[in-house]
Each structure stands twice: as C-alpha cells, then as structure tokens.
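Visitor: Using only what follows, build the 3D model:
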Amino acid sequence: TKQREMEKTLLLLPLLLLLATGWRVEAHRYSDEQLRAMNEANLRGAMGRGELEAMVAEVGEANISPCVVCQVAFAEFAKIAGNKTDLEHLQEALDKKCDSLHLSPTITKVCEAIVNKTVAFLPKIAKFVYQKPYSPFAWCSILSVCPVDCCETDTQPEQIHVAQGKTYETMTVTWVTGQPTPSTTVQWGTSPDSLSNTAMGAVRTYTISGWHGIIHHATMTGLKPKTRYFYRVGDPNKGMSDVMNCTTLWAGNGTMTFAVIGDMGLDNSNETMQYLASEATSGAINGILHVGDISYADAYQRVWDQYLRKIQPTASQLPYQVVPGNHEIWEGFASYKHRFQMPGAETRGSPGNMYYSFDAGLVHVIGYSTESVIDTPWISPDQVAWLQADLAAANANRANVPWIVMMGHRPLYCGTHDGPNCEQFSAYLRKTVEDIIYKAKVDLVIAGHVHNYERMWPTYNGAAVSQSYVNPTAPVYVINGAAGNREGLQKNFVNPQPSWSAFRAAEFGYAHLTIANATAMTFSFYADANRVLLDEFTIVKT
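Guide: Numbers count the residues shown, from 1 in each chain. I've put the predicted structure just below:
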C-alpha cells in the first residue's frame, strides 16, 4: 500500500505542479487532428481515481475527455521541464505560492527550499515521460485515467499460453477476452477433429492501470505423457479460438530439452522469439523456462498484451514456466499473478505464482522468487521454509528424478559492474539461501537480471570448488539474462575475471537445457546472430 501511494504521488506530480501554477488546458495549442485522435482512442475511458477526477475537472473543458486532459498535462509538463526559461517561470510562480500562504519567515524559507529542489529535479523526472515504452498515454493509463483495451474483439480468445502443473498429467491454458463470456471452456483431444474432453475454468482478472480485459484459466486433466493434444478455448456461443496443439512432458527416461530465457521484452527479442517458435513447432524443445522480467511492461498494460500475443506461437504449444522479476513488481506483482498460473497451490508453494516446483522427465525444477515490491532482493521466511521442505522431498526422490534445477531472477554470483546487483544484492541472496542450496546438492541454479551470459564453475562460499563439471561437489550457477529487452546488454564485466567465473559474453541470445539421462545434463547458450553456439557445458554424475 505504501509503495502504491508513493507511485501515485510521483505520477501525479506533473499535474499537481501545473495546477499549482494556474495551468489550464489550452486546446488551441493542439491541432484538431491530434485532439480527435486522442479522443477516438479513448472514447470508452472512465475515471478510475476520484482524486484525479476532481483535479482534471478543475482544468478540463466540457468537450475534452479526462484522458486527453491528462495526456496534454504530461506533454506540457515534459515541455516545461525541458525548457530553462519555463522552469524559471515555474519556480517564480511556485515561490509566489509560498509567499501567498502567509507563513512565518522560517517556514516560507523551507517552502522555497522545497520549490528549488523540486524544480531542479523536474528534468530528471520529465525524461521518463517519453522513455520507451512510455508516453503521456502510457502514464495516464497507469493512473487509470486512460483505458487500455486488451483485445481487438470482445469475446474472441487471444494471448493463449499453457503451463504444466505439478506433473505432465495437468496443463492449464490461459487466455484473454475483451469482455466477460458465459463460460470459460477448454476442449481437447488427441485429434483435431475429435475434441472429446471438456473442462470449465475460472476467471481471475484485474482492473489496475486502466486495463480492460478478462483473464481466463482452464485446466486439461488426465493427460498422457509425451502426447500431442489438440485444444481450443473460449465460449461455444460467444467464440472459440482456432484449434491449437500442445505436447505434454513426461516422467522418467528420455532426452528432454527446455529453452531457457531471461529478461525478454518486445525490443531486441525478434530473433529469440523466432527461434523459439520454430523450435517449438519442430519439437527441438519441449518446454520453456523464463527466469523473470517478462515483457518489460512496467505497469503499462498495453505492453503485456503485445508481448503475450507475440509469444503465443511458442507458448501455446508447450509449457511456459515463469518466475517473477523486478519488472513485474508493479501493483504488488498483480499483472504477473493474474496472467499466469503456475503450480504453486499444487506444490504447497505460493498460490500467486511466486514460488513452486514441478517434475519433468528426470529433473525436478524449482521456481523461486528473489523479488520484493520495492525492487530489492528478498526471500521471505515462508519461502525459505517451503524451499527447504521441497528440496528435502526432491532429494528423497533422487532415485526417480536425479536432477534438481532451480530458477530465480536475481543471481547469487555475477562478475559484472552493475551497481549493487553483483555486490550487496547478490551477497544478501547468498546469505539467505546459498547454504540451503549447497546442502541439498542442487545441480544447477539459473538466474537472469544481469543482461549478459555468464557461467560459473561449481561454487560455494565465494570460491570455485573445482574447474570441472564432472561429479561437482557444489552447485553450478549460470546467468542468462540476454533474451532481448529495451535496456540493452550489460558489457561492463569485472576485471580481472573472478576465479569462480568460467565464461562470459555480452550477446543477445537464449539457451537450451538438455537432460539426456541420469548422468548427463547439458547447458548450451546460442547467440541470436545466426544462432551461433557461444558456450556449452555438461554436468556429469558417475
């Protein structure tokens, strides 16, 4: 709640400052075409925040929607904050406001000092108004003034993706519609012409940040291993999706390959997305592990919709298993918690997708959260207790599932100059969970967050225990945060290279995690440029 109030205050600052100086909407400064485009894009908009509605009412004109007023305010704010003369006029106007309050001389000086600091800070804030993916419309939608419609139609399903439950026997399908439908239905079968099974699902949606949409989840049950199923979702009366297909994972022997991605948004990810879709269709990969930072929406709901449409060709065909990153923290991870359904409840983990586990083939995969709502690392005591219990159960089942892999967004080890991420933050994570991971003999820990690729030697307590992956006596850590995003790559590696760091590269790309059998597991990193194999290592247990 405190975080949300802080966010609201910062986002309202442009409007508050403009109102404080007697600003009014000057429609004549915008062409009829601009205003018409703004209004037509937001005709179905409605105010979501009473306090902002009252403010906008003071400055708005009867024929201009609140959404347009808000966008104009942000645009004007960006202009003022980027112009030295306008800033001087703004400071003069605010100083006069301080004087007009008839405060004591001491308090008046405090007021003026606050004005000076605020005006000096405005250019730093203003740069975010148009920083990708943001715009005046984006910020006004985050304030719930401008609506963001999820979908091109009211009831046709889109943004379809699937996720495995605790085992291959269940697969949950998630999709979005623009309006409520009479039912949330999934139909499936082993032939596209005979979808003989039907299950009813449930709606779990939200209305934050101006988003208008309905999120549906429905679970296919009783599935057989390593089987291709055909399915469609929606409502029989209001519209069903095209018939799609997905293939289940399995238990026991058989080479299984996961694509591993981290920190992937809409930008710099076209090649990764294309490779994933092609490999999903060809059967080269059996599932996807996404180690956080999904879409880079940062509360702008339109980006979530665009991203989930973009990855649908892949994520509708095979299990798309995710964990939260720091770019999902907005509104208490609300978008992340609603738009996915991981098997947290089935594995006594988090019902909100924050931490969970599942078995697939010969590997036990643990998805855990490294995130707090204030963009710092945090692993709650409840999660620590759950992790210890889940690892104990996994170790007891090593005869059947010999490999344990963990995935969480922030790394315990990284050799990059990246602010506190590879110093205080990674040190906190090591203090919190490294001993647990080490004592449980976890085989591999995958992270992202740092936008590059780095492979570590088997490592414990800040030191490499060996420079071999044959019968390692400590976990292997790897960073794969380079699937493509608007922030670009992190190339500022620590030199000399830490002794526990074996290989590193600042290239966009993705990885394969291949579990061949009970004694060999291979991790391969491919650069997006021509899909060049940049690094590969195999953990061997004899």
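Visitor: Report the secondary structure element holding residue 257.
Guide: According to DSSP states H and E, residue 257 maps onto strand 256-261.
Visitor: What helices and strands are in contact with that strand?
Guide: Counting contacts by 3 or more Cβ pairs under 8 Å, 6 or more residues apart in numbering; DSSP states H and E, strand 256-261 packs against helix 270-282, strand 287-290, strand 509-515. Every residue, glycine included, has its C-beta placed from N, CA and C.
Visitor: now that strand against helix 270-282, angle please.
Guide: Put simply, strand 256-261 runs at 160 degrees to helix 270-282, going by axes from the mean of the first three to the mean of the last three Cα atoms, to 10 degrees.
Visitor: just the angle between strand 256-261 and strand 509-515, please?
Guide: Orientation check (the same axes, to 10 degrees): strand 256-261 against strand 509-515 gives 160 degrees.
Visitor: Report all helices and strands that the helix or strand hosting residue 109 contacts.
Guide: Element membership of residue 109 [criterion: DSSP H and E] is helix 105-126. Other elements packing on helix 105-126 under the criterion 3+ Cβ pairs under 8 Å, 6+ apart are helix 2-20, helix 66-81, helix 84-100.
Visitor: So which bits of whichever helix or strand comes after it are buried?
Guide: Going down the chain from helix 105-126, the next helix or strand is helix 136-142, by DSSP H and E. Neighbour counts over helix 136-142 (16 or more other Cβ atoms under 10 Å) mark 136, 137, 138, 139, 140, 141, 142 as buried.
Visitor: low-confidence ranges in the chain?
Guide: Within the chain, the stretches with pLDDT under 70 are 1-64.
Visitor: again, only using 50
Guide: 1-10, 19-32, 35-36, 38-62 (pLDDT under 50).
Visitor: Now the spatially most central residue of it, what are its backbone angles?
Guide: Nearest residue to the geometric centre of the chain (Cα atoms, centre = their mean): residue 294, 2.9 Å. Backbone torsions for residue 294, taken as degrees, to the nearest 10, come to phi -110, psi 110.
Visitor: pretty sure it is touching residue 325, no?
Guide: Yes - between residue 294 and residue 325 there is a contact under Cβ atoms under 8 Å: 6.7 Å.
Visitor: ok, which stretches of the protein are helices?
Guide: Using DSSP state H, the helices found in the chain span residues 2-20, 32-41, 50-59, 66-81, 84-100, 105-126, 136-142, 270-282, 301-310, 312-315, 330-339, 381-396, 424-429, 435-439.
Visitor: which residues touch residue 487?
Guide: By Cβ atoms under 8 Å, 6 or more residues apart in numbering, the contact set of residue 487 is 296, 451.
Visitor: same thing but at 7 Å, please
Guide: With contacts defined as Cβ atoms under 7 Å, 6 or more residues apart in numbering, the neighbours of residue 487 are residue 451.
Visitor: Ok, the one 10 residues further on next?
Guide: The neighbours of residue 497, taking Cβ under 7 Å, 6+ apart as the test, are residue 415.
Visitor: That one and residue 456, how far apart?
Guide: According to Cβ to Cβ, to the nearest Å, residue 497 and residue 456 sit 11 Å apart.
Visitor: Same question for residue 356.
Guide: 25 Å.
Visitor: and if you look at residue 182?
Guide: 53 Å.
Visitor: Between those two, point out the one with more neighbours.
Guide: Neighbours were counted for residue 182 and for residue 456 using other Cβ atoms under 10 Å; residue 456 has more, 24 against 10.
Visitor: Any idea how many residues pack against the nearest residue to the more buried one once chain neighbours are set aside?
Guide: Leaving out its chain neighbours, the residue that sits closest to residue 456 by Cβ to Cβ, 6 or more residues apart in numbering is residue 477, at 4.3 Å. Other residues within reach of residue 477, judged by other Cβ under 10 Å, total 25.
Visitor: Would you agree residue 477 is in contact with residue 445?
Guide: Yes - in terms of Cβ atoms under 7 Å, residue 477 counts as a neighbour of residue 445; the distance is 4.9 Å.
Visitor: Could you pull out the residues contacting both of the two?
Guide: Common contacts of residue 477 and residue 445, defined by Cβ under 7 Å, 6+ apart, comprise residue 412.
Visitor: Return the alpha-carbon coordinates of stretch 472-479 using CSV.
Guide: This file holds the C-alpha atoms of stretch 472-479, laid out as CSV (Å, rounded to 0.1, in the frame of the first residue of the first chain):
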residue,chain,number,x,y,z
PRO,A,472,30.8,-31.5,-9.0
THR,A,473,30.6,-31.1,-5.2
ALA,A,474,28.9,-27.7,-5.3
PRO,A,475,26.1,-26.2,-7.4
VAL,A,476,26.8,-24.7,-10.8
TYR,A,477,25.4,-21.1,-11.3
VAL,A,478,24.6,-19.6,-14.7
ILE,A,479,23.3,-16.2,-15.7
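Visitor: Buried residues, that stretch. List them.
Guide: Neighbour-count burial for stretch 472-479 [16+ other Cβ under 10 Å]: 472, 474, 475, 476, 477, 478, 479.
Visitor: so which of those would you say is closest to residue 176?
Guide: Within the buried residues of stretch 472-479, the smallest distance to residue 176 is 31.6 Å, found for residue 479 (Cβ to Cβ).
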